[in-house]
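> next one to model:
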Amino acid sequence: MVKESKEALKKRISILEEKVEHLRVSRRVLMNLIEKLEKEKKQEFERLERINRKLQQSNSRYAKDLILKNKKIVELEEQVKKMS
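This next block holds a predicted model:
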């Protein structure tokens, strides 16, 4: 009876060792997935930052153009008033 108990314990230990190995593999897979997701997130963030900078530059140019055109309109209106 003691011998059966030892054999059962050895089998149980073997099963548990196998489960531990599966958990290690699963953990490595999950860590790789997390690293991949973090890398993709970082790349997407950098892409969005570049787009944001371009949009800010474009908006700045547009605002400067509007200011210049508004200034020109004011100057032309003053000229028209002087001519009247």
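> from residue 57, how far off is the residue positioned nearest the centre of the chain?
Of all residues in the chain, the one closest to the mean position by Cα atoms, centre = their mean is residue 41, 2.6 Å from it. Residue 41 sits 25 Å away from residue 57, going by Cβ to Cβ, to the nearest Å. Using the backbone N, CA and C atoms, a C-beta is placed for each residue, glycine as well.
> so where is the protein shaky, pLDDT-wise?
1-3 (pLDDT under 70).
> could I get the full set of helices for it?
Secondary structure of the chain (DSSP state H): helices at 2-83.
> re earlier: next one: the residue nearest to the centre of the chain from residue 48, what distance?
11 Å.
> also residue 40?
Residue 40 is 12 Å from residue 48, by Cβ to Cβ.
> now do residue 62
Residue 62 is 21 Å from residue 48, by Cβ to Cβ.
> equivalent analysis for residue 14, please.
51 Å.
> ok so, going back, what residues are up against the residue nearest to the centre of the chain?
By Cβ atoms under 8 Å, 6 or more residues apart in numbering, no residues touch residue 41.
> spit out the contact partners of residue 44.
By Cβ under 8 Å, 6+ apart, residue 44 has no neighbours at all.
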